[in-house]
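[1] Sequence unavailable; structure follows:
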C-alpha cells in the first residue's frame, strides 16, 4: 500500500522524477480535475515564491486544495499546492525530468512538462515491495522489483510488450509513468498508485489570441478551446494578459464570468463557446467565437 503522509499542513511529500524509460510513444499529458478561473496577478505576484510565470489554478481531488501552475521555461513548469491560502509544497517538471508527483495523505498530484496537472485519491495498491498488479485501466500490468531497502523498480507492460520502467528510492521518492490516459506512480516502498484520466486532451486543444477591448496598450485575450472533461481540469477558457504576457485574470467553463474585467463566456458546454467582452465602464459588447475543435474531437471528454 502506498505510504500515507502527515496531516495536510505537515507538508506535501514530493519529488521530480527522472525521464521514464519508455519504448512506446507517450501522448501529451491531460489534466483531470476542474480548473478554477485564472487568478488576477501582476508583476512579482504572478511569479510565486518558487519563481515562474503564473498560468492557471487547478482544483485538486480532495475538494479543498488548489494547485497553482507556473511556467519556468520551455517544457518547464512548477505546480504549487495550497490549502486555505497556505502553501504545502511544490513539484517541478522539466525537459530532462518530464513528470513529477506528490502525495498528500493519499491524494496524488502529478505534473508534466507541458504544465498539465492530474490529481486523484489513490485506489488501494494491491501490494508493496516486490509484486505484480494491474493498473486502474485493468489492462496495463506492473511488475515491481525490490532493488534494495526503500529502492524499487517498476516495469510496465501491456499484452506482453514492455512499455517502460521507473525507479523510486530515498533520493527520488516517486517514479512517474504515463502511457496514453493512464498514469502510475511508484513509491519507494514499492506501492503503486494509478489513475485513468481523460483521453489526449492536448491533441484537441486549439488557441487563438485577439486584442483586448480595454484601453491599455498591448493587452490581449487568449482564447483556448478544448473538450470539457467529465471530471476535469481544463475545458475552454479565456485569459487576459498585458503586453508583457502577464496574466491579469480570466474566465473558464467553471467560472464563466468576471465582471471586473468585462469578460463573459457563453455556450461553454457546446464545444463552440463564445467570449463576450466589454469595457467595465460601459460601451458596446464584442462577441468572439472560440476556435473550432479539431476534427474528431468531441465537445466533452
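    That came in fine, so what should we check first? Please read all numbers here as calculations on a predicted model, not as lab measurements.
[2] Please confirm that residue 203 is located within a helix.
    Yes - counting by DSSP: H, G, I helix; E, B strand; the rest coil, one finds residue 203 located in a helix.
[3] Could you give the number of residues near it?
    Neighbours of residue 203 under the rule other C-beta atoms under 10 Å: 13. To be clear about C-beta, it is placed using only N, CA and C from the backbone, and glycine gets the same treatment.
[4] Check whether it really touches residue 294, as I assumed.
    Yes - the pair residue 203 and residue 294 qualifies as a contact (C-beta atoms under 8 Å) at a distance of 7.3 Å.
[5] Poorly predicted segments of the stretch 101-250 of the chain, please.
    In the predicted model of the stretch 101-250 of the chain, residues 123-125, 198-202, 229-234 satisfy pLDDT under 70.
[6] in it, which spans are helices?
    Remark: no helices are assigned in the stretch 101-250 of the chain by DSSP state H, counting those that start in this stretch.
[7] And the residue nearest the centre of the chain, how close does it get to residue 56?
    The residue lying closest to the centre of the chain (C-alpha atoms, centre = their mean) is residue 117, at 1.3 Å. Distance, residue 117 to residue 56, using C-beta to C-beta, to the nearest Å: 9 Å.
[8] For the two, list the residues in contact with both.
    Among the neighbours of residue 117, those also in contact with residue 56 (C-beta atoms under 8 Å, 6 or more residues apart in numbering) are residue 69.
[9] and the residue nearest to the centre of the chain, what are its bridge partners?
    When assigned by DSSP bridges, residue 117 has beta-bridge partners residue 111.
[10] which other residues reach stretch 206-214?
    219-226, 240, 261-262, 277-279, 283, 286, 288, 290-294.
[11] Of these, which count as buried by neighbour count?
    Burial by neighbour count, 16 or more other C-beta atoms under 10 Å: within those this picks out 219-226, 240, 261-262, 277-278, 290, 293.
[12] Just those: which are in strands?
    Counted as lying in strands by DSSP state E, out of those, are 220, 221, 222, 223, 224, 225, 240, 277.
[13] Switch these over to CSV; also include distance to residue 153.
    Formatted as CSV, these follow (distance: C-beta to C-beta, whole Å):
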residue, distance to residue 153
220, 47
221, 47
222, 42
223, 44
224, 38
225, 41
240, 46
277, 52
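[14] can you give me the strands in the stretch 1-150 of the chain?
    Ranges of strands within the stretch 1-150 of the chain are 13-17, 21-22, 35-36, 53-59, 65-73, 76-83, 86-93, 99-104, 107-112, 117-121, 131-134, 141-148, based on DSSP state E, counting those that start in this stretch.
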